[in-house]
Structure formats: C-alpha cells, structure tokens
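> Just to be clear, the model below is a prediction. Sequence and coordinates:
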Amino acid sequence: MRKSIRYTFLFLSTAVTLTYQACGQPQHISSSDNSSLVMPSATYFFKCSPDSITTDSPLRRLTKKEYLNTLADLAQPLTKVEKTALLQTIQLKAQLLPEDNAGQYEKFDSRVSTNHIQVQYDIASVFAEQVTSIVNKSIFFGACMSSPTPTMACVKSFISTFGLKTLRRPPTTAEVDELYSFYLNRGTTGLVDLVARLLLHPNFLYHIENEGREFSPNELKLTSYEIASRLSYLYLESMPNALLFAAAESGQLNTISGVEEVINQLFESEQIRVRATIESYVAEWLEFKYKPGFANTAKLQSLATLIGLSNVPDNSLRDAMLKELQDLVTYYVWDVPNGNFSDLMNSDISIVQDDQLAEIYGVPKWIPGQPVQRFPSSERSGLFTRAGSLYTGSEKTSPIHYGVSVIRKVLCDEIPNPSQDIIDDAARDPSIDYLNKTQRDIVHEMTSPNRCIGCHQLINPYGFAAETYDSFGKFRNSFKEYKFDENGNVVNQLTTNSNTEISINGHSMNVSNAVEMNHVLSKSGKAQACFVRNFYRFAQRRTENITDQCGMNRLYTELTRTEGGLKSMFKSMGSDISFLNRKVGK
Amino acid sequence: MKYNSLTRRLFLQSSGKTLLALPMLSSLIPRNARAQAMQIAPRYYSLFLPYGPVQDNWHPAATGMTNTQILAPYSGLPAYEIAAKNLSASVNGPSYLFDQKFNPYLGKMNFLKGLDTREGGHHYGAGILGNLWGARPDEYTEYTSMPTIDHIMAYAPNFYPNGGVGYIPQIVAGINSSMNSGEGFAYGFSNPTKRTGPVIRMDGIYQHNPKTLFDSIFSGYVPKPGKASTPIIDSIISDFKKVRDGRAISSEDKLALQAHVDLLAQLELSLNTQTELSCTVPAAPISLPGTAPWTGPTNAKLQVQLINDVIFAAFRCQISRVASFNLHVHHYSKLHIHESGETFDTLKVNQKWCSDNAIFDIVQKLDSFIEANGKSILDNSIVHYSAASGPASHSQYSHPCLLFGSGNGQIKTGQFIDYRMQNLAANKNLGNNATGLLQNQLWVTIMQAMGLSPEDYNMASLGLLRSVYSPTTTTYGEFKPLGGTNSDDVRYVQPQTIAGQKLPLL
C-alpha cells in the first residue's frame, strides 16, 4: 500500500447508517472486523455450508449467440462456399430473432416468443434445404447417403451421428427407430424434414438436463454428455466439440479430475474460442451495450483538438476502447504466465493496437510479439483506469456514472436508480453556475439535496477519484478542465482535483486519484468477491443465492492465489461440484 | 443462377410453353419452403403517388409515440432516439389520406416518417426505388445511374428457382406510356439476365394497358392441381411433450415447455390452413376504349384496378414476385403546385383518389387470398406506397412511406415509426426537415426481407463504379449524408456506416 494512502476508521453515524439502508446497501461490515486492508479469506465473503451444495437450476434455452454458433458448428462439414452461403442466409433470418436481454447476462433470458418459434422454424427449413442440396452429400451425410435410395442402416447411421450433435447425447434406439419411420413417411422430403426436425428438437433448442442419476431428492448428478454440453456452452458458447464428445463417451467426465483435465485441454486446444467467450463475459459484465458513442458536438470536437487528437472521435475509437478492456483480461489469462486479479486491477502496461487510442494514452502502439509498452508511472492502474471505463462520449466527465459503475461492477453493491423527475430537476437546476464550476463541483452541488445525498455520498467519491482523466480518458497532469460555449469556443479553464475519501470493508481512506483507488480495491478482497460472483452468474445462467456460497468460496480461493489465479478461477468454475450437479425445482 | 440471355419477346413467348409443364406450381415455391408445410416466397409491390407534397395528410397524429428506442451509438452521433407507436383503430382512420376503410389493415401497416434522401430525393418519383440519378439526369451528373430495387430483386441470383425459366421476373406498369426525360420510375440493366450493360429506364417493358399486361403474363398458361405437404410441427410438438412429461422437469420448467408447445401449435395452425395451391387462370381484363392515358373518373379507376387485378393474379399464381406501378401522368401536372396555380386542397383530392382507388384496391385484393402457409398474399408481401414529395415540393426530408404486409414475417407491422432524432432538441426544432435515417436503409430492409443478401445489391457487386457518396460495400444506392456545410442548415450528419443496415423497429 502506498504511503500516501491514509487509513482511518469509518465512523458511521446513525444518520449515515439510515441513509445507507435507504440506498439498499446489502452489507454492513463493522469497523472492528478489520483494522487494516489485509485480504480477507474466502469465508469472509462466502460462508460455505456443506448442507446444501446446489441451487435450483431453471430450464434455459440457447441464447441467440449460442444458437447461431451451434448452427455454424453443425455446418462445419460443408465446403467454405456452401457454408458461407448458408450462414449468410441464417444471419439474415436471425435478424428477427429477439435479443437476449432479460437479465444481467444474456444467458438468464429464457423468454420465448412467436418470433423465436417462427425464426427457428425458418432457419431449420433453410438449413435442412441447403445441406440436402449440396453437390457432395457425403461430406455432410456420410458416403452411403449419396445413393438415391439409401439403406435403412445408412439412414439410421446418419440419424445417430447427426442426432448426437443436435441432441448433444446419443439418441436412444427407440428414438432412432422413430426418426427413421418419420423419414420414410415423409417421402421425397424425408431427409430435409429429418434434419429440420432435429434442429427444432427441445434438446437442441434448450439445455435439457434430466437424465442424470438422482443421488438425493431432486438432486441429479449430470450425465457425462450433459456435463460435456455444460462445459461446451460455458467455454465455447457452442455445442460440444470432438474432444468433449469423446470425453463424454469415454466416461472421463464422470470424475472431477477427468473434468479438470478436459478443461485444461480446452484452454489449450480451443484457446481462440475460449478467449472469445471470456471476451463475451467481459462485455456483458461491464455492460458494453450501454456504452455511449461520441456526440457530434462542437464542444467535443474542440476538446478533441485541444488534447491533440488527430481525428474526429467516432465509433472505431469507442470499439477500440472497449476492445482494450477485453484484451487486458485475456492477456492476463493467457499471455502472461501466472496472471492474477491484482494484475487486472493494477496493470500499468499498454497493449493498445489502435492509433487513436494510443494517441490518447500518449504511448506508442503495441505490436504483438514486441515488448509491451508501459504508462508513465502513476497514470494508470488496471481495467478501471483505461479509456473504455472512463470515456463519456461528451466533453464532460461523468463522476456519477463512473462511481455507479465501480459500486455495481467492481464491488457488487446495489444502488437504486433515481427517478426520472429527480434527474430532470437536477439537470434543470438554475442555481448552478455551470461555466464557472468544475464538473466535480457541479456534481457535488447537484447531488447535495437530502433526497440525493444518501446514495451519492457513496457514489461520488469513487467518481471524483477518476477526475484525473478527461472525458476521453486522457490523463490530465494539470487537472485542467475546459468550459465551452455552444460553438465550441473555450470560455473558461478551471482546475479540478481527484482527492477523495472512499470506504471499503468498513474502513475509510483517502486516495488522491483512481490509481490509488484501484490499488485499494485490488487488496480489498471485495473486488475479487464481486468478480467471482459475476462469473459464477455467467456460468450458472442464474443469480446466486445462499446455497451457492461453497462454489463461490472455492472460486474466490482460486482467484486469490498468488500466481495464475485468474485463469485458475475461470477453469475451476467448470469443475465445481455445483456445476456438475443439478437440483430440480419443485 | 444464370438466366438464359433471351430477348424479352422470346422470353415471354417461351414462358407460356414452359408454364404448361409446371407441376402444379409447387416448383415455383423455393425448395426450402417446400420442405415443410408451404413456405411462401415474399412478393414486392410498389406504387408511386405523383401528386405533390403530402404535407401532414399522410401520417397519423404523432401523439402517444411511447415506443422509443435508443439506437446504438453511431460515429459522430450521440444517443439517437427514435419513437414509434402501435397503430390503433379510430373513427376517422389513421390519417386524412388513409381513412377509416384502412382500419381493418392497421395491424398489417407501417407508416414510416423521417426517411431522408440526398438532394433530388423523389424528384419525379425516380428516387423512390433507388435511382436518384433518374430524378434529374441533367442536374445530378455526379450520381451513378442505378438499377432500381425492383429490378435488382427480380434479377438477383436465386430469386426465382429453376434459373428463372417460366417466370416473369418483374412487372412494370404505369398510367401513361409516354414520359418526359427524368420522369422514370423503374430502371434496370440493358442486359438484365446478365446484369450488365448501361442502366436504362424500363420504358421498353412498361405496360399501361391491362389487357396487354395480362397477355404478356398469362398467354398459354395452364396450371395443374397439386397437393400440399403436411407440416412437421406435429412431430416437433410430440418431441416437446415427451420432454415436458418426462422425468426431472420442475413444474416451472413444464410451464416453459408448454408455452413453447402452445406457440408451436399456433404455427402449425397457420401452416395447416389448407388452401388451393393451384392457380386458376383468371379471366382476361376487358379492353378499355381508346388509348392511354385513360381519363375521367370511371376509366382512370378502371385502368388502375384492372392493372392491379393482373398483378394480383400474377402474385397469386406465383408467376412473378415483383411489380412496380407508376401512377404518373405528367410531372408538371401536379407536382409543382406553386407553379400550376392549384391549391393544396385540390391536390389533396387527387391524393385521396389514389388512396381510395389504387392502394386500397390492391391491399384488399392481396389480403383476400390465403396461401399455403395460412397467411394472405398481403401478409406474405411487402407493399410499398410512396410519394413524390413529403412536407414540401421535392424536399429531401421525411419522404412519405407506407408499407403493408410483413413479407411473410420478415418485418414487424402495425406501427407508426418516426425516424427523426427525437432526443436532440436542435434537430427536433427543424420540424419536418429534421434529420432522420437514410432512405437507403428502407431499400436495404425491403431487399433483405425479400431474401437478398448485400452481395446481391451493393454497387460493387453490380459492377457499377461507386461514387464518393457510397463508400461502403454493404449498402445500396447513392447517398450523401446531409449536413456539413449544406446551406440549408447546420444539422446532424447521418453516419454512412448505417446506410447498409436494416431500419430499426421493423
């Protein structure tokens, strides 16, 4: 811990405590529990009770992304041209498939609408039609199916192999027989209809897990094929690959050590796809979908010019900023030996490959394979001091958004949204002298009324720490803040500051900027616990509850290992007992 | 797919003979659709209203636009909010031009407001289907002459099965056979089957006489009866029920699976709606006395509705999937209201006549016939009604657009959508001239709904030199983002990157 950080006990007055409760703070930690920032053990956050190890797992369907990835994998046997044509057609139809956004993570969304049914039907039809129209049918259906009148054995063989891929388990003999009868009864369209039917089967569209052994009332040990499917959709966001199907068939997935071995193999042999999945997770965790674009205003253009940007900021800059956040996470999982969570929160390296973003950072663009760049000392520390976390899309910084983001995404505390009338009133407040006050002072003044301060005394300090940066996320040494008129002319220059007092785990402490704040957060354990919670939700496709404490306890222990904790945590999720069993709801 | 490079005459002559051999027309339905139940290939019908600015008479009232959507951030734009509302029946109908007789079709309609084009716009109607150059070839020399979307669809690879043999790729009809320079509507390649050659106005295939149009399509056509295949949905429902009633499924999960079964049953119901698949050759239209353009309320109405009859029959028989109908008589007759000395009130009368007798007529007809997928032809089509001018003569902003049908589920319907930026006060203050989205997005939306991919319609694929105003390879047509130093206003710049994207909310 840096010397400049001063620790003090947090004095919680009755009034403040009441305000915290009104703001929905879920956790109050007595100041006597910890007198200094020593990383708490797992049980501090997750109290594991061996009495209950699994939580009800509601039925989930494939997300849109999983569904399309799975179709792409099924189309793998086709030639490149055939596959491209098929997937383009599917993509066009999939535009009508609703987006998954019913909860924090896409995988929470289990809603089904008429659009789902119609599009799934259309896509199944197109897929079936196109694969049965290819020139060399043997590459998809097997050699014997090229015959105009394939034998029963041939058709059943195809049903078994394609059934395995679509049902994600071997079809039973009865199912093969029934599907063969169906094929015969459909006459000339038998093969097309057979493929379409399997693409509309509940086992294809949903994560059906109902065949495991019941080892206690309503608790199932998942079958090896169900585990293969879970692992696949966790790490590849698609159907099981050959490795997973083989592991399922051989029984390797029936033991935890076998599962761990397969996960290790996946992280090596399927690194590109697992990386993509971790990138998806980061995008959902940090809610990229709500990240703004850049306003086309004279004010923002002027700021861009003042800080020396060569180009007008546009979507490509936004994309580069967000991509950097994803890259930083995967970099510490794969590209650095033993990367850990502390690296993620304290990293001063730059792996930026975008010209504009490098310009903002004032560092040369990184060329993969070359040594990484480093930021000047004390300028940046980890994910939350990167432009993707800091930029606002306008000429003004936004301490409130940044503060809320830290509270929700880094600490997993809950902050209610203000009502629209509160926002409107604050935005219209005529008493605030916008041109002669810093953004920090404006926010302070705007949020000082009693109905605001309860939450904002929690939010604002985190936001003020980031005033070290301007609204592009560029470090501002001199804390200079510009004020513009509507035409983009500078009408005032002010000096802001980023000194603030934050509280964590029952302690309060002064920090002078976001770098120091992130150092504190990285040692709090609370940020680690929050990271675990988020990935646990992503993996389990649901929010956690009290009975998930054991699983999260284990992940926390893995994450806070000195070396390689980050990758270890991601891997451990797939072999956790809570992931390998399923509790059926009533 | 390659088409034989036949002349039109040879093509039409041979089509009748080919049609004789068509097996109950089931082969006219794309193979993927034939696979299960009968999926129907969507059709496109475009109608052009030439009679001047529509002012505020076209769209419904802008009250209750509560369905807002924040669009993904664009280059150079802040959050962009658009607004919409679901259409609901009212005593007087949705608007002045579309009165209460349209109430039964509200669920199948989309009013679109705030679609902009670059200068020239719908001048003379040429820009409605995408060829802005055609609006004023003498003035807009920097534009590229583009085949219009009806032509691009009609000759896109795989748009028709069987190499297009036996089909009429596109129908182009108009009130008048003679047009002045710049009064074109439909444009296409001079060698359409190869998609090569200079882009020309489709005067050569314009049909203004209903009887001639009918003969060119149905001469020698003898359909045969057929039988629909049975949908496979019942088997899928059975698969779902087995899981639902199997082991280890919670009561909550059973409900979820049952909900899926219910939705499948709805789909099955629509697919099972048995309809005649064969096409009875319709009676030939009567011959109108005299020559085009037919004038007077009786003959003009008859001409329009007989042409609609022929297009309806061609759609019903699935001989053609594309028709464009130009109600244009002469540019200066109605468009320049300030020059013609007419008042807007008289203009409204003409516009209302078109609503009542042309668009309402085709909508009624297309909705009267249920196809093999349980939907009407209207449901399976996209009917596109647009006008020469929006709020003012030749304005490039907010071109009126009314769509009917979903193209067999390809777009959402039942909405009034205003694409003007709602959340940017400076823009909103421009009123009807406020920046909205690019009309290019409408063209792309329609072509995608009709099954085309970007390779089928972007300028590079079409072998046309791309001008400086169309920098992406995924879009179609000319556009120059409004704004910058435009003398009109300082306005928001529409991002070029979205020009190739489907319109939101549809």
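Everything's here; your move.

> quick one, helices of chain B?
Counting by DSSP state H, chain B has helices at residues B:8-20, B:31-35, B:149-154, B:210-218, B:233-244, B:251-272, B:297-316, B:331-334, B:337-340, B:344-354, B:360-367, B:425-428, B:439-449, B:454-457.

> now those as JSON lines including distance to chain A and mean pLDDT?
All C-beta spots, glycine's among them, are computed from the backbone N, C-alpha and C. Compiled in JSON lines, the helices of chain B are given as follows (distance: least, C-beta to the nearest C-beta, whole Å; pLDDT from 0 to 100):
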{"stretch": "helix B:8-20", "distance to chain A": "22", "mean pLDDT": "32"}
{"stretch": "helix B:31-35", "distance to chain A": "3", "mean pLDDT": "34"}
{"stretch": "helix B:149-154", "distance to chain A": "14", "mean pLDDT": "95"}
{"stretch": "helix B:210-218", "distance to chain A": "28", "mean pLDDT": "87"}
{"stretch": "helix B:233-244", "distance to chain A": "5", "mean pLDDT": "95"}
{"stretch": "helix B:251-272", "distance to chain A": "4", "mean pLDDT": "87"}
{"stretch": "helix B:297-316", "distance to chain A": "21", "mean pLDDT": "88"}
{"stretch": "helix B:331-334", "distance to chain A": "37", "mean pLDDT": "45"}
{"stretch": "helix B:337-340", "distance to chain A": "35", "mean pLDDT": "46"}
{"stretch": "helix B:344-354", "distance to chain A": "32", "mean pLDDT": "80"}
{"stretch": "helix B:360-367", "distance to chain A": "20", "mean pLDDT": "93"}
{"stretch": "helix B:425-428", "distance to chain A": "9", "mean pLDDT": "67"}
{"stretch": "helix B:439-449", "distance to chain A": "6", "mean pLDDT": "93"}
{"stretch": "helix B:454-457", "distance to chain A": "8", "mean pLDDT": "88"}
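
> mind giving me CSV with those and columns for mean neighbour count?
Shown next, in CSV, are the helices of chain B (neighbours: other C-beta atoms under 10 Å in any protein chain shown):
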stretch, mean neighbour count
helix B:8-20, 16
helix B:31-35, 22
helix B:149-154, 28
helix B:210-218, 20
helix B:233-244, 19
helix B:251-272, 17
helix B:297-316, 20
helix B:331-334, 16
helix B:337-340, 13
helix B:344-354, 16
helix B:360-367, 21
helix B:425-428, 14
helix B:439-449, 25
helix B:454-457, 20
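
> How is whatever residue of the stretch 151-300 of chain A ends up closest to chain B assigned, secondary-structure-wise?
When you check the stretch 151-300 of chain A against chain B by C-beta to the nearest C-beta, the closest residue turns out to be residue A:293, at 2.1 Å. Judged by DSSP: H, G, I helix; E, B strand; the rest coil, the three-state class of residue A:293 is coil.

> Report the separation between the closest residue to residue B:432 other than its chain neighbours and chain A.
In space, not counting the residues next to it along the chain, residue B:432 is nearest to residue B:391; the distance is 3.8 Å by C-beta to C-beta, 6 or more residues apart in numbering or on different chains. The gap separating residue B:391 from chain A is 24 Å, by C-beta to the nearest C-beta, to the nearest Å.

> Quick check: buried residues in stretch A:237-247?
For stretch A:237-247, the buried set under the neighbour-count rule, 16 or more other C-beta atoms under 10 Å in any protein chain shown, comprises A:237, A:238, A:239, A:240, A:241, A:243, A:244, A:245, A:247.

> got these as CSV, with secondary structure, pLDDT and distance to residue A:392 columns?
Compiled in CSV, those are given as follows (DSSP: H, G, I helix; E, B strand; the rest coil; pLDDT from 0 to 100; distance: C-beta to C-beta, whole Å):
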residue, secondary structure, pLDDT, distance to residue A:392
A:237, coil, 98, 31
A:238, coil, 98, 35
A:239, coil, 98, 40
A:240, coil, 98, 42
A:241, coil, 98, 41
A:243, helix, 98, 44
A:244, helix, 98, 43
A:245, helix, 98, 47
A:247, helix, 98, 47
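
> Now name the helix or strand holding residue A:543.
Secondary structure assignment for residue A:543, by DSSP states H and E: no helix or strand.

> which non-adjacent residue is nearest it?
Spatial nearest neighbour of residue A:543, excluding adjacent residues (C-beta to C-beta, 6+ apart): residue A:537 at 5.7 Å.

> what's the angle from the lengthiest strand in chain B to helix B:439-449?
Ordering each strand of chain B by length in residues (DSSP state E) puts strand B:43-53 first. Strand B:43-53 and helix B:439-449 meet at an angle of 160 degrees, taking axes from the mean of the first three to the mean of the last three C-alpha atoms, to 10 degrees as the criterion.

> and strand B:43-53, which strands flank it?
According to DSSP bridges, strand B:43-53 forms sheet pairs with strand B:322-326 (parallel), strand B:381-389 (parallel).

> Next, the contact list for residue 357, please.
Picking chain A for this. A:317, A:320, A:321, A:324, A:387 (C-beta atoms under 8 Å, 6 or more residues apart in numbering or on different chains).

> right idea, wrong chain: chain B
The neighbours of residue B:357, taking C-beta under 8 Å, 6+ apart as the test, are B:301, B:304, B:305.

> Residue B:361 is in contact with the last one, correct?
Spelled out, it's residue B:305. Yes. Under the criterion of C-beta atoms under 8 Å, residue B:305 lies in contact with residue B:361, with a separation of 5.1 Å.

> before we move on, back to that, between the contacts of residue B:357, which is nearest residue B:45?
Using C-beta to C-beta, the shortest approach to residue B:45 within those belongs to residue B:304, at 13.1 Å.

> could you pull out the helices for the stretch 451-586 of chain A?
Counting by DSSP state H, counting those that start in this stretch, the segments of the stretch 451-586 of chain A that form helices are A:514-524, A:526-540, A:549-559, A:565-575, A:577-580.

> got the ones you listed as TSV, with mean pLDDT columns?
Putting the helices of the stretch 451-586 of chain A into TSV (pLDDT from 0 to 100) gives the following:
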stretch	mean pLDDT
helix A:514-524	93
helix A:526-540	96
helix A:549-559	94
helix A:565-575	97
helix A:577-580	93
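
> For residue B:201, find the nearest of the ones you listed.
Minimum separation from residue B:201 across the helices of the stretch 451-586 of chain A (C-beta to C-beta) falls at helix A:526-540, 57.3 Å.

> May I ask which helix or strand encompasses residue A:323?
When secondary structure is defined by DSSP H and E, residue A:323 falls within helix A:315-330.

> Tell me what angle that helix forms with helix A:565-575.
Relative orientation of helix A:315-330 versus helix A:565-575 (the same axes, to 10 degrees): 80 degrees.

> Would you mark the buried spots in helix A:315-330?
Within helix A:315-330, the residues scored as buried using 16+ other C-beta under 10 Å are A:315, A:317-318, A:320-330.

> looking at chain A, which residue ends up farthest from its center?
Relative to the mean C-alpha coordinate of chain A, counting by C-alpha atoms, centre = their mean, the farthest residue is residue A:149 (49.2 Å).
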